[in-house]
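> Whatever this is, show me its structure:
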Amino acid sequence: SSIVSISLSSGSVQLLAGGGPNAGTPTSIYPAIGTEAYIHSVGMDVAGNLFFSGQYQASNGGSQPNSNPDVDGIFELMASDHSIHGLAGTNTPSNNTNGDGGPATSAEIAVAGVMCLSAKDDVIFDDASFNIRTFPIGGNLSTIAGDGWPNFFGDDGPAQQAGLDQPTGVTTDAEGNVYVADYQNERVRKVDTATGIITTVAGGVLPQNANAEFAAPFPSAVAVDGNNHLYVRIEGSIEAVDLNTGTISTLVPNAYDKGPLAFDGNKALYYSVGTTQPSTVWMVDVTTGATTQIAGAPNTFGPSGDGGPALQAGLYDVEGLALDGQGALYLLDRGYQNIRKIDLNAGIISKIAGANPNGGFVTGYSGDGGPATAATFNAPAGLAYDGAGHLTIADSGNHVLRQIDLATNIISTIAGNHIPGFGGDGGSPAAAMFYDPLAAAYDPAGNLFIADTKNNRVRRVVLHPTKLNAMLGYGGGPSPSGAKITYTASYSGLSFGIA
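Numbering: from 1, shown residues only. Model (predicted):
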C-alpha cells in the first residue's frame, strides 16, 4: 500500500510513504517512501497528521525498518517531517488482543482494521472483527517560551521570541501562568497564560531586573503558593519573593547546592540538601521558617532503607520532588537512578521505580510496558504529579518524559523519541525530540510543561493516560442463515461500520 496526497487544485499526486522497494528512494523530505505498508484505514487530525491502521515495516515508536512488516498496529505519519511512528501495538505478531488497561505501545493487536479519530483525538479501531478498542493520542506539542538561542532578551514581548539560557525549573500557578528558573540568566521569568507575554519577576542583573535581585546567582527550582508568593532555590539558600511588592527575603539560609522544591498548597515547602552521598530531604514551614528533616541518614551509603523509616534511608542527589495531595511525597534520586515514596503520615519510605541490583544501580533506557521497579533511567532529574494518579519523570539523559501509572506501577514513555535534539512542535509528543529536559510541571488544566534545558525552551503538551481500552466485544459465531452481519460503534458523535 501507499499513502499519497492529491492536490485538489492541480490534480498532482505526491507519494508520501509506502509503496515498497519499487516505489522509489527515500528522501530527506519523504523518509518513508519505499517502506512496506499494508494499510486498512486512515484518519487525519486538524494539524494534518495522518493516522493509519494496518501493517508497517517499522519498529514500534520509530521509523527504522525491521524484519516484521506483518505486525499490525496503529501508526502516525507526521505532517511536519513525513516520518512514521508507532502509536499502538508491539513489534511481535500476535493472534491475541491483550493489553487493555496498559500502555498502547505494549498492547497486542491481532488485526488492526477500520479506524477513526474522535473529536477528543482518541483513536478507535476494530481489532479481529469482534472488538472495538480505543486509546487517546494526547495533544500536540508546542514551544511556549524560548527561541532556542542561549541568551537574554524578549521581556515584555511574546515568550516564544524570548531568549532563555538553560531553564532548569518550571512551575505553574492557579491561573495557569508559568514560572521558569532561567538558570544562566540568573532570574525567574513568568509567561502569562492569557497573553503569552514573558516578564522577569525576580532576579537578574541591574539595570535589567524588573523587580528584585537575588543575593546569589543561578536559580534552579521554583514553587508558588496561593498568596502570590514565589519560592526560589538559588545557590546556598531558598528565597521567598512577594510578587505584589517584589520584596525578597531568605526563607532557608543554608540550603546548599541546587535542588528541587515542592509546595503542598498550604504552608509546607519540601526541599533537598546535598548532591553527594548522603543526601537529605527537609520541610520548611513558610509561615514560621521552622525546618524539619524528612528523609536521609548520615553516613549511610547505597539505596538502602526501603520499608523502614525514611530518616534511616540512604539517599544520593535527590533532584526531583512531587506531592500527590494524599499524604505521599515522591523523591527522584539521580545518584541511585530510582524513585521512592514517603508516606508522610507514617514516615515510611519505599521504592516505586528503578532497578537497584545488589544494592547498586543500572543506567539505561528499558522497562516500558512493565513494572517501574524493573525500569532503568539515565540521570533522571525532575518529577511532576498530574493529579490523576500518574507520576511524570524527566528522564534527562534519555531525552524523554516517562510516566508511572501509580495504580498499576506500569511505566511508559509519553514524550520524546530518545534522540537528543529539537523537533516535533505541532505533532505527536511521542515523535518529539528533547535535549536534556531537567524539570516538568502540570497546570490545573492538565497541560504538561517541560524545561527543555539544552534547547533553551519551555515546551507544553496536553497528555492523557496512554491506555488502551476495549469498547465493545462480541463473542457470537456466524449468522445461522449465512447473512452478512454489520456491527456499528458510535463514539463521541462519530460512527463507523464493521461488516
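> all contacts plus neighbour counts: C-alpha atoms, from now on.
OK.
> Spatially central, which residue of the chain would that be?
Centroid-nearest residue in the chain: Leu401, 3.7 Å away (criterion: CA atoms, centre = their mean).
> Distance from the host helix or strand of Arg340 to the middle of the chain?
Taking DSSP states H and E as the definition, one finds Arg340 inside strand 338-343. Distance of strand 338-343 from the chain centroid (CA atoms, centre = their mean, to the nearest Å) equals 19 Å.
> same for it, what does it pack against?
Counting by 3 or more CA pairs under 8 Å, 6 or more residues apart in numbering; DSSP states H and E, the packing neighbours recorded for strand 338-343 are strand 328-333, strand 348-353.
> would you list those strands in TSV and tack on mean pLDDT, distance to Gly176 and mean neighbour count?
TSV is the format used below for the helices and strands packed on strand 338-343 (pLDDT from 0 to 100; distance: least, CA to CA, whole Å; neighbours: other CA atoms under 10 Å):
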stretch	mean pLDDT	distance to Gly176	mean neighbour count
strand 328-333	96	23	24
strand 348-353	96	29	22
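> Partner strands of the strand holding Arg340, with direction?
According to DSSP bridges, strand 338-343 has the following sheet partners: strand 328-333 (antiparallel), strand 348-353 (antiparallel).
> can you pull out the strands in the stretch 201-350 of the chain?
Ranges of strands within the stretch 201-350 of the chain are 221-224, 229-234, 236-242, 248-255, 261-263, 268-273, 280-285, 291-295, 318-323, 328-333, 338-343, 348-353, based on DSSP state E, counting those that start in this stretch.
> strands paired with the longest one, and their directions?
Just to be clear, that refers to strand 248-255. Sheet pairing for strand 248-255, using DSSP bridges, gives strand 236-242 (antiparallel).
> Next, the angle from the strand it pairs with to strand 229-234.
For strand 236-242 against strand 229-234, the angle by axes from the mean of the first three to the mean of the last three CA atoms, to 10 degrees is 160 degrees.
> And for stretch 260-275, what's in contact with it?
Applying CA atoms under 8 Å, 6 or more residues apart in numbering, the contact partners of stretch 260-275 are 220-226, 233, 255-259, 279-287, 316-323, 325, 382.
> after the helix or strand containing Leu16 comes which helix or strand?
Secondary structure assigned from DSSP H and E places Leu16 in strand 13-18. Going down the chain from strand 13-18, the next helix or strand is strand 37-44, by DSSP H and E.
> Show me the beta-bridge partners of the closest residue in space to Thr143 that isn't next to it in sequence.
Computed as CA to CA, 6 or more residues apart in numbering, the closest residue to Thr143 that is not its neighbour in sequence is Arg459, at 4.2 Å. Using DSSP bridges, the bridge partners assigned to Arg459 are Thr143, Ile450.
> Look up how far Pro31 lies from Arg459.
Distance, Arg459 to Pro31, by CA to CA, to the nearest Å: 26 Å.
> Who are the packing partners of the strand holding Leu16?
Helices and strands touching strand 13-18, as assessed by 3+ CA pairs under 8 Å, 6+ apart, comprise strand 2-6.
> So which bits of the strand it packs on are buried?
2-3 (16 or more other CA atoms under 10 Å).
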